[in-house]
Every structure is written in C-alpha cells, then in structure tokens.
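Visitor: predicted structure and sequence below. I'll ask about it afterward.
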Amino acid sequence: MTFIDKVIGHGLSRRLDCIQADMFDEIRQSVDSTVGLDHISWREINLNQTLQLVIDRSGNRAFFGPSICRNERYLRSLNRFILSMGAAALVVG
C-alpha cells in the first residue's frame, strides 16, 4: 500500500496537468469506439463492458501510453489477473 500511495499520491497527483490531456483523449477514443459516432440511429450497448473498457484504457494510458492501453490482449490479461487476485484474496482470507 505504501508503494501505491507513493506512485498515485505523489507521482500522478503532482503531474495531473501533464496527463490530463492524454486521459481525456483516451476517454474520448474509447467511448467513440464502443458507443460509435452515429448520432442518428440507436443501438444497444452493454453499459458494464463499456465503462470497464473506458476505465481500463484511460487508467492504463496514464501509466503505459497509448500503444499498450489499446491492446485488447493486454486488457484481457489484466482483467483476468485482477479477477484471479480477488479470488485468491477470498480464498486466502
């Protein structure tokens, strides 16, 4: 937790103005790719998957850049890792 506090608390919050434009760009691109740009016709989307994609991509953009945060294989692996860690914490706990 100390490491996470140092990285997020000190590293990112002091440089928030530097990464804000990148995160805005990633949020815009991930919403556009998921929801689409057609303003005339309606279509159904899975809100949970859309929000997960937007959050994962924009959060990873701050740490790793655009090439990795848009990599579908990386995002799937990251989600599997997070689910595995949560399950392991429940089992160990």
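Guide: Happy to help now that I have it.
Visitor: which residues of this protein fall in helices?
Guide: When assigned using DSSP state H, the helices of the chain occupy the ranges 2-4, 13-14, 16-35, 47-64, 66-69, 72-92.
Visitor: may I ask which helix or strand of this structure has the lowest mean pLDDT?
Guide: helix 13-14 (a mean of 63; mean pLDDT, DSSP states H and E).
Visitor: before we move on, back to that, let's have the helices of the chain in CSV, adding distance to residue 41.
Guide: Any C-beta I mention is one placed from the backbone N, CA and C, and that applies to glycine too. Listed next are these as CSV, based on distance: least, CB to CB, whole Å:
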stretch, distance to residue 41
helix 2-4, 43
helix 13-14, 41
helix 16-35, 12
helix 47-64, 17
helix 66-69, 29
helix 72-92, 26
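Visitor: can you list the ones you listed in a markdown table and add mean neighbour count?
Guide: As requested, these are exported to a markdown table (neighbours: other CB atoms under 10 Å):
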| stretch | mean neighbour count |
| --- | --- |
| helix 2-4 | 7 |
| helix 13-14 | 8 |
| helix 16-35 | 14 |
| helix 47-64 | 16 |
| helix 66-69 | 15 |
| helix 72-92 | 10 |
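Visitor: weakest of the ones you listed in terms of mean pLDDT?
Guide: The minimum mean pLDDT among the helices of the chain belongs to helix 13-14 (a mean of 63).
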